[in-house]
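Engineer: Got a predicted structure plus its sequence, pasted below:
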Amino acid sequence: MLRHPLHDGAELGQLEPWHAEQFAAAVSHAREHLAPWIPFAHSVTDVASAREHLRRLAVRHAEDSCHNYGIWQRGKLVGGVVFPAFDTATRTCELGVWLVPEAQGRGLVTAACRYVLDWAFDERGMVRVEWRTDPRNESSRAVARRLGMTHEGTMRSAYVLGGARQDSEVWSVLAEEWAAHR
């Protein structure tokens with residue numbers, strides 16, 4: 001598997017269906033931590049559902065409408081970075097992340113995001129990358145700030161997670177802002 005080194009023994013690489021056992025284990029381990037923010041924490045409950053989730057993303061990867069990466073630290077899957085929406089026609093995309101609690105505070109998500117943002121802007125020609133987060137998710141908001149994103153507003157009652165309506169903040173960074181931020 002091709003992987004890009006981050007730091008602290010961590011690497012970023014494609015997260016694919018054949019990683020289903022590792023993905024299911026990571027989600028199971030961190031479910032309580034992820035469930036308030038991440039939809040798949042509610043739907044990935046075993047290896048079969050993990051494989052199906054990763055399969056759907058792999059199909060969308062082949063269509064160039066989604067790109068999914070894992071963060072491995074010393075060989076163990078500890079998080080991920082995903083472009084759940086990747087639109088080459090409008091040259092806009094959305095970036096999202098997840099991380100197990102014990103891997104937090106080491107800059108792994110920020111480093112992984114910097115790498116994939118460089119790819120999105122420099123290699124793929126994106127002009128806008130969005131970041132959507134629950135306003136209560138301070139860790140996610142802090143990453144958006146570290147990446148030089150601008151808070152554009154809050155969509156009230158924008159989606160349902162765990163049976164409850166949630167607000168969603170929209171942050172973004174434009175290509176010219178990213179070039180100046182590096």
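Structural biologist: Received the coordinates, thanks.

Engineer: Now for the nearest residue to residue 27 once chain neighbours are set aside, how many residues are close by?
Structural biologist: Among residues not flanking residue 27 along the chain, residue 44 sits closest, at 4.6 Å (C-beta to C-beta, 6 or more residues apart in numbering). In this view, the C-beta of every residue, glycine as well, is placed from N, C-alpha and C. Other residues near residue 44 number 24, with proximity taken as other C-beta atoms under 10 Å.

Engineer: and if you look at residue 102?
Structural biologist: Using other C-beta under 10 Å: residue 102 sits among 12 other residues.

Engineer: Please name the nearest non-neighbouring residue to it.
Structural biologist: Per C-beta to C-beta, 6+ apart, closest to residue 102 is residue 78, 7.7 Å.

Engineer: I'd assumed residue 33 was in contact with residue 101.
Structural biologist: Yes - counting by C-beta atoms under 8 Å, residue 101 touches residue 33, with 4.7 Å between them.

Engineer: Looking at these two, which has the bigger crowd around it?
Structural biologist: Taking other C-beta under 10 Å, residue 101 and residue 33 do not tie; residue 33 has more neighbours (16 against 13).

Engineer: Next up, the contacts around that one.
Structural biologist: For residue 33, the contacting residues are 100, 101, by C-beta atoms under 8 Å, 6 or more residues apart in numbering.
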